[in-house]
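Student: okay, structure incoming, though there's no sequence with it:
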C-alpha cells in the first residue's frame with residue numbers, strides 16, 4: 001500500500017541553494033559551449049583543408065567524442081588523467097568533458113554548414129580583395145552559424161542536461177546539490193521532483209531565448 005508522506009518544507013527552505021546550483025549548471029554549460037564552438041570550428045576547418053597528422057588528430061577527436069559515452073569521457077578526465085598524476089577540480093573535470101564532447105559534435109555540424117555554402121562565395125570574396133581570414137569571418141562563417149543555429153541550441157540543452165553527470169565526480173551543480181540535500185533529509189522524491197521542474201524551466205528559458213534571438217538575427 002502506498003503510504004509515503006510528503007514533506008515539502010525542507011525542499012522549500014533549500015530552494016535558494018537549488019537555484020544557485022542551477023546557475024552553476026548554466027555557467028558550466030555555457031562555458032563548455034563557447035569552448036566547444038571555438039574548438040569545433042577549428043576541427044571542422046582542419047578536417048576540410050589540412051592533411052597529415054593534424055587532420056588525423058582532429059578526426060580522432062571527433063570520432064571519440066561522438067562514438068563513446070559521455071560518462072566515459074567524464075571519467076577519463078576525472079579518473080583517467082588522475083591516474084597519471086593530472087588532478088583537476090570537479091568543476092574543471094566537468095567543463096573539460098563537456099567541452100570535449102561539444103567540440104566533437106559541433107565540428108560535424110560546422111562541417112556540414114561549410115559544405116552547404118557554395119565555393120563561389122569564397123572565390124567572390126577573394127576576388128574583391130579580401131584575405132582568407134576576412135573571407136571566412138565576414139562572409140562564410142556568419143552564414144554557417146545561420147545554418148547550424150538550431151543544432152547549436154540543441155547542443156546547449158544537451159550540455160545543461162548532461163552536466164548532471166558531474167555529481168559522479170563530486171561536482172555540486174544542480175543534480176549534485178540535490179543529491180547532497182536529499183541524502184541529508186531523506187526527502188528523495190520531493191527534492192528530485194523540484195529539481196526536475198528547475199531543469200524543465202531552464203531548458204524552456206533556453207529554447208525561448210533561442211527563438212527570440214533567431215527572430216531578431218534572421219528576420220530578413
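Tutor: Here it is on my side, so go on. Please read these numbers as outputs of a predicted model, since none were measured by experiment.
Student: every contact and neighbour count from this point should use C-alpha atoms.
Tutor: Fine.
Student: can you give me the buried ones in stretch 118-136?
Tutor: Across stretch 118-136, burial judged by 16 or more other CA atoms under 10 Å covers 122, 125-126, 130, 135-136.
Student: in TSV, list the residues you listed along with distance to residue 150.
Tutor: Shown next, in TSV, are these (distance: CA to CA, whole Å):
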residue	distance to residue 150
122	24
125	27
126	29
130	29
135	24
136	21
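Student: of all those residues, which comes closest to residue 109?
Tutor: Proximity of the buried residues of stretch 118-136 to residue 109 (CA to CA) peaks at residue 136, which lies at 16.5 Å.
Student: and the residue most central in space within the chain, what's its pLDDT?
Tutor: Closest to where the C-alpha atoms of the chain average out (CA atoms, centre = their mean) is residue 159, at 3.4 Å. On the pLDDT scale, residue 159 is placed at 95.
Student: give me the nearest residue to it, chain neighbours excluded.
Tutor: Using CA to CA, 6 or more residues apart in numbering and skipping residues adjacent in sequence, the residue nearest residue 159 is residue 29, 5.2 Å away.
Student: how far does stretch 212-220 sit from the chain's center?
Tutor: With CA atoms, centre = their mean, to the nearest Å as the basis, stretch 212-220 stands 22 Å off its chain's centre.
Student: check stretch 94-108 too.
Tutor: 7 Å.
Student: likewise stretch 34-46?
Tutor: With CA atoms, centre = their mean, you get 13 Å for stretch 34-46.
Student: check stretch 210-220 too.
Tutor: 21 Å.
Student: cool, stretch 99-110 as well?
Tutor: 9 Å.
Student: count the neighbours of residue 61 for me.
Tutor: 19 (other CA atoms under 10 Å).
Student: where does the prediction get shaky in this protein?
Tutor: Across the chain, the ranges flagged by pLDDT under 70 are 1-2, 219-220.
Student: how about a cut-off of 90?
Tutor: Along the chain, the model assigns pLDDT under 90 to residues 1-11, 14, 48-52, 81-87, 118-139, 141-142, 145-146, 170, 182-189, 213-220.
Student: quick one: the helices in it?
Tutor: Here the chain has its helices, by DSSP state H, at 9-13, 15-49, 53-67, 70-75, 81-83, 90-116, 119-127, 132-135, 141-147, 149-162, 174-185, 188-217.
Student: mind listing what's buried in the longest one?
Tutor: Burial within helix 15-49, assessed by neighbour count using 16+ other CA under 10 Å, is assigned to 15, 17-19, 21-22, 24-26, 28-37, 39-47.
Student: ditto for the third one
Tutor: Of the residues in helix 53-67, those with enough neighbours to count as buried (16+ other CA under 10 Å) are 55, 58-59, 61-62, 65-66.
Student: so which of those residues comes closest to residue 76?
Tutor: Of all the buried residues of helix 53-67, residue 65 has the smallest distance to residue 76: 11.9 Å, by CA to CA.
Student: what about residue 184, how many neighbours?
Tutor: 10.
Student: ugh, wrong one, I meant residue 70
Tutor: That count, for residue 70 with other CA under 10 Å as the rule, works out to 19.
Student: what do you get for residue 208?
Tutor: 12.
Student: from residue 100, how far off is it?
Tutor: Taking CA to CA, to the nearest Å as the criterion, residue 208 is separated from residue 100 by 26 Å.
Student: check residue 106 too.
Tutor: Taking CA to CA, one finds residue 106 at 10 Å from residue 100.
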